[in-house]
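**Student:** Fold the following.
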Amino acid sequence: MPQTTSGILYIVPTPIGNLGDFSTRAQQVLSDVAAIAAEDTRHSRQLLQQFAIQNDVFALHEHNERERAGKVIERLTNGDSIALISDAGTPLISDPGYVLVQQCRAAGIKVVALPGPCAITTALSGAGLPTDRFTFEGFLPAKPQQRRKTLSALLDEPRTMVFYESPHRILHTLNDLHDVMGAERTMVLARELTKQFETYLSGSIAEVLDQVAADSNQQRGEFVLMLAGAPVQEESAADDLAALRTLQLLREHLPLKKAAGCAAEIHGVRKNHLYQLALDADNT
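**Tutor:** Next up is the predicted model:
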């Protein structure tokens with residue numbers, strides 16, 4: 001019997017709001033594949049119906065991806081091409097699909113990712129913050145203590161930081177940004193991108209927080225939060241040496257991370273920088 005040619009897994013972005021952003025290529029792929037794996041089949045069927053795309057749609061989401069991936073791989077191996085879509089935007093960006101794509105790569109199955117709508121790039125391109133280097137942090141933890149801990153670890157991050165947030169947590173997250181990052185740090189909040197009520201709010205964290213807190217309309221929809229990176233501080237060699245000496249003394253009584261934090265506060269240098277110096281010294 002002739003060997004069956006494996007199908008292709010297509011990663012297909014869908015509009016994040018404006019239906020005019022649904023590319024001709026994306027529509028064609030969704031029409032041509034054997035089936036479509038969707039994060040929410042009810043939501044996706046509504047989109048497909050608007051574009052007269054008639055195809056088999058099955059659910060693949062965070063709760064069943066590991067279970068379903070094997071069956072999808074089997075179909076692909078037998079020659080079926082399948083498209084993966086999320087509720088909106090580009091799949092795998094804070095959405096399911098990583099497990100499936102990883103297993104396809106491991107099995108030698110071709111994966112083709114289409115360009116298209118993505119809230120991260122859309123928000124950044126209109127924010128007016130540095131975009132030569134940025135870090136995407138996805139959704140912050142839902143629990144306040146974990147959220148503040150995550151933000152604290154990013155305090156010295158020099159790159160522009162990008163977060164997603166939901167309406168029911170937006171005020172809590174803005175308050176935590178205010179408390180952890182400081183009231184004066186520059187930020188931009190993008191809301192309801194590509195939709196009728198698209199909004200960009202920019203200024204200090206305190207200013208953005210005040211605007212959102214004062215207007216309940218600004219607490220609705222889907223959010224992209226963009227935060228300016230920490231100013232890059234140039235530590236001198238003399239400062240480094242003095243701080244490192246203090247750190248080594250503190251390490252006799254404290255764990256390295258805590259000692260680095262104390263020494264950094266004493267000498268006015270960055271904790272992460274000092275921590276890395278200590279690690280480098282240990283390895284020499």
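**Student:** From here on, just use CA atoms for contacts and neighbour counts.
**Tutor:** OK.
**Student:** give me the low-pLDDT residue ranges for the chain?
**Tutor:** 1-4, 233-236 (pLDDT under 70).
**Student:** switch the cut-off to 80
**Tutor:** 1-4, 232-239, 284 (pLDDT under 80).
**Student:** So which residue is dead centre in it?
**Tutor:** Centroid check for the chain by C-alpha atoms, centre = their mean gives G138 as the closest residue, at 2.9 Å.
**Student:** Isn't it up against S166?
**Tutor:** No: in this structure G138 lies outside contact range of S166 using C-alpha atoms under 8 Å: 11.2 Å.
**Student:** In this structure, what residue spans correspond to strands?
**Tutor:** For the chain, the strands defined by DSSP state E cover 8-11, 35-38, 57-59, 82-85, 110-113, 134-139, 160-165, 186-191, 199-204, 223-227.
**Student:** Pick the most buried one from those strands.
**Tutor:** strand 82-85 (a mean of 26; mean count of other C-alpha atoms under 10 Å).
**Student:** In JSON lines: the strands of the chain, plus distance to Q49.
**Tutor:** Converted to JSON lines, the strands of the chain look like this (distance: least, C-alpha to C-alpha, whole Å):
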{"stretch": "strand 8-11", "distance to Q49": "19"}
{"stretch": "strand 35-38", "distance to Q49": "13"}
{"stretch": "strand 57-59", "distance to Q49": "12"}
{"stretch": "strand 82-85", "distance to Q49": "15"}
{"stretch": "strand 110-113", "distance to Q49": "23"}
{"stretch": "strand 134-139", "distance to Q49": "30"}
{"stretch": "strand 160-165", "distance to Q49": "28"}
{"stretch": "strand 186-191", "distance to Q49": "26"}
{"stretch": "strand 199-204", "distance to Q49": "29"}
{"stretch": "strand 223-227", "distance to Q49": "27"}
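**Student:** Just give the closest residue to I205, not the sequence neighbours.
**Tutor:** Distances taken as C-alpha to C-alpha, 6 or more residues apart in numbering place A183 nearest to I205, at 5.3 Å, with adjacent residues excluded.
**Student:** In contact with the one you found: list those residues for me.
**Tutor:** S204, I205, A206 (C-alpha atoms under 8 Å, 6 or more residues apart in numbering).
**Student:** can you give me phi and psi for D56?
**Tutor:** Main-chain dihedrals, D56, degrees, to the nearest 10: phi -70, psi 130.
**Student:** for the residue nearest to the centre of the chain, what are its contacts?
**Tutor:** Per C-alpha under 8 Å, 6+ apart, neighbours of G138: I93, S94, V162, F163, Y164.
**Student:** cool, and G203?
**Tutor:** With C-alpha under 8 Å, 6+ apart, G203 has these contacts: T186, M187, V188.
**Student:** is it true that the last one touches A127?
**Tutor:** Yes: the pair formed by V188 and A127 meets the contact definition of C-alpha under 8 Å, at 6.2 Å.
**Student:** Common neighbours of these two, please.
**Tutor:** Y200, S202, M226.
**Student:** if we look at the sheet, which residues does the nearest residue to the first one once chain neighbours are set aside bridge to?
**Tutor:** Sequence neighbours aside, A190 is the residue nearest to Y200 in space, at 4.6 Å (criterion: C-alpha to C-alpha, 6+ apart). On the basis of DSSP bridges, A190 is bridged to Y200, V224.
**Student:** any idea how far A190 is from P255?
**Tutor:** Distance, A190 to P255, by C-alpha to C-alpha, to the nearest Å: 40 Å.
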